[in-house]
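In: Take a look and give me a structure for this.
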Amino acid sequence: MSNKKQETHMVRERKLKERVRNYLLITVASIIYSAAVSLFLDPNSLAPGGVTGIAIILNRLIPVETGTLFLMINIPILLLGAWKFGMGFILSTIYSTVLISLFTNLFSGMGPLTTDPLLATLVGGSMMAVGIGWVFKAGATTGGTDIIVKLLRQKMPHLKTSRLFLAVDAVIVAASAFVFKDIDVALYAGLTVIVNSLVMDLVLYGRDEAKLVFIISDQSEQITKRMLEELDVGVTYIQGTGAFSGRDKRVIFCAVKKAMAPKTEEIVKEEDPRAFMIITSATEIYGEGYKSYFSEKL
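Out: Numbers count the residues shown, from 1 in each chain. This next block holds a predicted model:
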């Protein structure tokens, strides 16, 4: 076998192993997510925002299982995502969504592990965050508002992703107060959203606020194009020269939100497995899309 064929075979084998690993991770993460919903949140009437929160609310209004409602709500959203972003983006998300639906219904027959709302909030919110974080690490999403927010960002790029998520979750939590006729339940649901956000940040990126990415690749144009289109981030070229080869090189420099770092790595791996990439932490970033020089320190 020639070196080129052997190299191609090794690349394919590596990609296959990585795909299998990712789907195993999605499977475990989806089970954890489902257990959080069925064993802690749903039986205590905690609607933690997103499609899951909508499904929990609707479950009290119509005689359909929460997992089934989760899937039914996600179907049109997934179709929209497939149309806008392509099946390559959405396939692993469909897998995760179906698993969550199945296991949510399966676990619901076991009953709650606790009826203490504070314990349900802390444990359920944390488990849900671990599930979502691992799904993100595997290059997928849990569907629902993840896709909706991505679409809204294309129409309103001046709005921050975190604020869009917060606005959607706030509406759902407020709706739960009216449906369940219990303000305490809604407040616990709001606390679940906060716990979810904090724990998911720790699962994905520790305590870092953002990531700085430096990429040296012969495929810099393809990588940059995908980052601009798929991540909607600013990218800067830095001109460099290889000390050994003496060749001019373009270094891709980019600051990305924490949630975008796994997707950035995925793009680079797909376009150029040989790329040299440095990812480091940034605790504070000021400028368009990040903090304001004047308001954030108040």
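In: what's the pLDDT at the nearest residue to residue 197 once chain neighbours are set aside?
Out: Closest residue in space to residue 197, ignoring its immediate chain neighbours: residue 129 at 7.5 Å, by Cβ to Cβ, 6 or more residues apart in numbering. No exception for glycine: its C-beta is placed from N, CA and C like everyone else's. With respect to pLDDT, residue 129 scores 89.
In: Hmm, residue 195 and residue 129 touching each other?
Out: Yes. Residue 129 is in contact with residue 195 according to Cβ atoms under 8 Å; the separation is 7.1 Å.
In: For those two, work out which one has more neighbours and name it.
Out: residue 129 (25 against 19; other Cβ atoms under 10 Å).
In: which element is the more buried one on?
Out: Following DSSP states H and E, one finds residue 129 within helix 117-137.
In: Just the CA atoms of whichever helix or strand comes after that helix, as CSV, please.
Out: Per DSSP H and E, the first helix or strand lying C-terminal to helix 117-137 is helix 145-155. C-alpha atoms of helix 145-155 as CSV (Å, rounded to 0.1, in the frame of the first residue of the first chain):
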residue,chain,number,x,y,z
THR,A,145,-34.3,26.5,21.2
ASP,A,146,-30.6,25.8,20.2
ILE,A,147,-31.7,25.8,16.6
ILE,A,148,-34.2,28.7,17.0
VAL,A,149,-31.6,30.9,18.6
LYS,A,150,-29.1,30.1,15.9
LEU,A,151,-31.8,31.2,13.3
LEU,A,152,-32.6,34.4,15.2
ARG,A,153,-28.9,35.3,15.4
GLN,A,154,-28.8,35.2,11.6
LYS,A,155,-31.6,37.7,11.4
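In: Buried residues in helix 145-155, which are they?
Out: The neighbour-count check on helix 145-155 (16 or more other Cβ atoms under 10 Å) flags 145, 146, 147, 148, 149, 150, 152 as buried.
In: May I ask which two of the residues you listed are separated the most?
Out: Comparing all pairs in these by Cβ to Cβ, the longest separation belongs to 146 and 152, at 11.1 Å.
In: Span of stretch 266-276 from start to end?
Out: Distance across stretch 266-276, first residue to last, is 13 Å (Cα to Cα, to the nearest Å).
In: That should have said stretch 28-46, apologies.
Out: End residues of stretch 28-46 are separated by 23 Å (Cα to Cα).
In: Can you show me the strands along the stretch 101-250 of the chain?
Out: Along the stretch 101-250 of the chain, the stretches classed as strands by DSSP state E, counting those that start in this stretch are 210-216, 236-241, 248-257.
In: Quick one: those strands as a markdown table, columns for mean neighbour count too.
Out: Formatted as a markdown table, the strands of the stretch 101-250 of the chain follow (neighbours: other Cβ atoms under 10 Å):
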| stretch | mean neighbour count |
| --- | --- |
| strand 210-216 | 19 |
| strand 236-241 | 11 |
| strand 248-257 | 17 |
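In: right, and those strands - which one's nearest residue 58?
Out: Of these, nearest to residue 58 by Cβ to Cβ is strand 248-257, at 31.0 Å.
In: what does the closest one contact?
Out: Identification of contacts with strand 248-257 by Cβ atoms under 8 Å, 6 or more residues apart in numbering yields 161, 210-217, 220, 223-224, 227, 231, 233-242, 264, 282, 285, 290.
In: Flag every buried residue along the very next helix or strand once past that strand.
Out: Reading on from strand 248-257 to the C-terminus, the next helix or strand found by DSSP H and E is helix 261-271. Using 16+ other Cβ under 10 Å as the test for burial, helix 261-271 gives 261, 262, 263, 264, 265, 266, 267, 268, 271.
In: so the closest residue to residue 104 other than its chain neighbours is in which element?
Out: With Cβ to Cβ, 6+ apart as the criterion, residue 104 has its nearest non-adjacent residue at 3.3 Å, and that residue is residue 67. Take DSSP H and E as the rule and residue 67 turns out to sit in helix 66-85.
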